[in-house]
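Enquirer: Next comes the sequence, and after it the predicted model I'd like to discuss.
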Amino acid sequence: MDIAQIKKLIQLLNNHNLGEITVKEGDTKITIRHRDYVKTSSAAPVVSAPSAQTSTPAVAAKESSTDAPSGNFTTVKAPMIGTFYRSAGEGKEPFVKVGDKVRKGDVLCIIEAMKLFNEIQSEVSGKVVKVLVDNAQAVEYDQPLFLVEPN
């Protein structure tokens with residue numbers, strides 16, 4: 001199963017208001033649950049894949065709400081599991097820094113998933129208030145990446 005198939009499953013889940021999808025293909029089994037479904041079921045979110053795709057739980061500690069500034073911010077979340085990169089390459093400037101103004105569609109970061117580099121774009125125009133993930137850190141599906149203060 002490749003990242004395009006996983007994206008289609010996520011889109012299918014969202015388009016049809018499904019609570020959960022489980023797909024088994026060979027040795028790989030993937031279960032994707034909608035975040036609202038997880039809240040009502042009190043079950044932990046599960047995205048299972050081969051061991052190379054799992055990530056460390058240390059990422060969750062970074063998104064502590066005590067560190068987040070208060071206010072009306074838009075949270076840009078990871079659309080997939082993978083590795084978060086703030087720049088296009090080692091030694092290059094990050095796509096955005098705290099305080100930068102961004103427009104809807106501007107590239108904020110890259111998430112590498114299954115050897116594919118996916119540009120993550122801003123969902124709104126505004127100012128980057130906080131970067132919630134460290135460079136080269138593993139991220140989970142739907143994990144908050146940035147706080148953007150909309151214009």
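Expert: Cool, got the structure.

Enquirer: okay, CA-based contacts and neighbour counts for the rest of this
Expert: OK.

Enquirer: ok, residue 72 - how many residues close by?
Expert: Other residues lying near residue 72 total 10 when counted by other C-alpha atoms under 10 Å.

Enquirer: Quick one: residues contacting it.
Expert: Residues in contact with residue 72 (C-alpha atoms under 8 Å, 6 or more residues apart in numbering) are residue 149.

Enquirer: Now residue 9: closest residue in space, sequence neighbours ignored.
Expert: Among residues not flanking residue 9 along the chain, residue 21 sits closest, at 7.5 Å (C-alpha to C-alpha, 6 or more residues apart in numbering).

Enquirer: Quick check, pLDDT for that neighbour.
Expert: pLDDT for residue 21: 71.

Enquirer: Over to the one 4 residues further on?
Expert: According to the model's per-residue confidence, residue 25 sits at a pLDDT of 74.

Enquirer: just the strands in this structure please.
Expert: 20-25, 28-33, 74-77, 82-85, 101-102, 107-113, 116-121, 126-131, 137-139, 144-150 (DSSP state E).

Enquirer: for stretch 92-110, what is the average pLDDT?
Expert: Per-residue scores along stretch 92-110 average to 94.

Enquirer: Straight-line length of that stretch, end to end?
Expert: 13 Å (C-alpha to C-alpha, to the nearest Å).

Enquirer: and for that stretch, what are the contacting residues?
Expert: Outside stretch 92-110, the residues that reach it (C-alpha under 8 Å, 6+ apart) are 84-88, 117-131.
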